[in-house]
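Visitor: Predicted structure and sequence below. I'll ask about it afterward.
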Amino acid sequence: MNAHLHMSAKVQRALVEGRAVVALESTIVAHGMPWPANLDTALEVEEIVREQGAVPATIAAVDGAVQVGCDRQTLERLASGEHVAKVSRRDLPVVLASGALGATTVSGTLIGAGLAGIRVFVTGGIGGVHRGVDQTWDVSADLDELAMQDVAVVSAGAKSILDLPKTLEVLETKGVTVLGFGTDRFPAFFTPDSGLPVAHRVDTPEEVARIMDAKWSLGLGGGLLVANPVPAALGFDADAATDDALAAAAAQGIEGKALTPFLLKHIAEATQGKSLAANVALVKHNARVGAQIAVAYAAQSSRIR
Ligand code: PSU
Ligand code: MN
C-alpha cells in the first residue's frame, strides 16, 4: 500500500472479503455542524451504517496519510479541533506533506474512496455551482471529482444555498448519473423538492446497484449521484434564511472555501437550530439508504464473480 494511504483493519478486511463498506466525509464533522451535534451525528451515522450490515469508513487526512476508517479518538479531534483544514483535491498534497489534521470535503473523500475501492459514499448535500457564479466563478470541486471517481454518492440533492439548475447542468455535462431515490424531483437539501425534475427515478437499493454495475462493467467510469430527499416531516423552507445568509456573506466579503461553512452556520442560527435538526436527519436518512445500496451492490457483485 502507498505510504500516504492508510486503511483501518476493519475496513481493509471488509474490502478484501467483498463485504459492503460505506465511505463518510469529515468536513461535515469539522466544518458543517457545531460541537457537540457534529460528533454525536458522526457516531450515530456510523451506527446506522452498521445496523444495515455495512462497515462505515469515515475518511480524513491524518498524520500524513489519507485515513480510510477513523477511530473514535480521530472523530473527536475532527469534531472539537479549532484548526482543522478543509481539504479538497487542491489542498490534499499540502496537508499530507505537513502531517496536519484535515477534514476532507465530498471531493477529498471521493479521492480516498476511489483509492480504497469503496463504491458507495454517504454525505449530507454535495457542493455545486454557487449563486452569482458569473461574478465569482465559484464551482465546487465536488462536481469534478464526482465525474472522475467510480463511486455512488448518496446525498439530499445539492445544498439549497446553491444555483441548483446550473448544478444539474454541470452534472449532465460531466456525465454524472443523477438518480432520484423514490422521487421524480431533485431534492434541495433542507426541502424534499427543488421544483426541478430528475432525469431518472429509482425506488429500490437493488435498482441502484444494477445501474452501478451497468455503468462500471462497461468501462464508463465516473460517479453517480443518488438524490435522496429529506424526510418530509423534517424538511422546511429555508429560502428566507438562505437569502439573509447570502447577504451577510456578501457584506462581510466571505468567499472561497469559507463560504459554505459560513452560510450553514448563519442559517442554523437564523432558524434557531431548525436547519441543523434537518441536516442531522437527512444525513442519517442518507446513511440508511447508502448502506442498503452498499449491501445490495456487494451481494450482486458476489453473484457475478
Ligand atoms: N454536506 C453537509 N454539510 C457540509 C458539506 C456537505 O451536509 O458541510 C460540505 C461537504 O464537505 C462539501 C462541502 O464537499 O461542504 C462543499 O464545500 P465547497 O462549496 O467549498 O466546495
Ligand atoms: Mn468553492
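Guide: Arrived safely. Numbers count the residues shown, from 1 in each chain. Ligands and ions are numbered 1, 2, ... in the order given.
Visitor: any idea how far the biggest strand by length in the chain is from the chain center?
Guide: With secondary structure taken from DSSP state E, the chain has its longest strand at strand 55-62. Relative to the mean C-alpha coordinate of its chain, strand 55-62 is positioned 12 Å out (C-alpha atoms, centre = their mean, to the nearest Å).
Visitor: From the contact counts, what lies against the next helix or strand after that strand?
Guide: For strand 55-62, the succeeding helix or strand toward the C-terminus, using DSSP states H and E, is strand 65-68. Applying 3 or more C-beta pairs under 8 Å, 6 or more residues apart in numbering; DSSP states H and E, we find strand 65-68 packed against strand 5-7, strand 55-62, helix 92-98, helix 106-116. From N, CA and C alone the C-beta is placed, and that goes for glycine too.
Visitor: Format these as TSV; extra columns: mean pLDDT, distance to ligand 1 and mean neighbour count.
Guide: As requested, the helices and strands packed on strand 65-68 are exported to TSV (pLDDT from 0 to 100; distance: least, C-beta to the nearest ligand atom, whole Å; neighbours: other C-beta atoms under 10 Å):
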stretch	mean pLDDT	distance to ligand 1	mean neighbour count
strand 5-7	98	20	19
strand 55-62	98	11	27
helix 92-98	98	13	16
helix 106-116	98	3	26
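Visitor: among these, which is nearest F189?
Guide: helix 106-116 (13.0 Å; C-beta to C-beta).
Visitor: Give me the mean pLDDT for the longest helix along the chain.
Guide: Ranked by residue count under DSSP state H, the longest helix found in the chain is helix 274-304. Per-region confidence: helix 274-304 scores 95 on mean pLDDT.
Visitor: Is ligand 1 within reach of it?
Guide: Yes - judged by C-beta under 6 Å from any ligand atom, helix 274-304 comes into contact with ligand 1 through N279.
Visitor: Would you mind getting the angle between that helix and strand 55-62?
Guide: Angular relation of helix 274-304 and strand 55-62 on a 0 to 180 degree scale: 120 degrees, by axes from the mean of the first three to the mean of the last three C-alpha atoms, to 10 degrees.
Visitor: who's in contact with T58?
Guide: Neighbouring residues of T58 by C-beta atoms under 8 Å, 6 or more residues apart in numbering: A23, L24, E25, S26, V29, A42, E46, G69, C70, T74, L75.
Visitor: For the residue of the stretch 201-305 of the chain found nearest ligand 1, list the residues it contacts.
Guide: Going by C-beta to the nearest ligand atom, ligand 1 is nearest to T260 of the stretch 201-305 of the chain, at 3.9 Å. For T260, the contacting residues are H31, G32, G127, S140, K159, I161, by C-beta under 8 Å, 6+ apart.
Visitor: Next: P192.
Guide: Applying C-beta under 8 Å, 6+ apart, the residues near P192 are T183, R185, P229, V230, P231, A232, G235.
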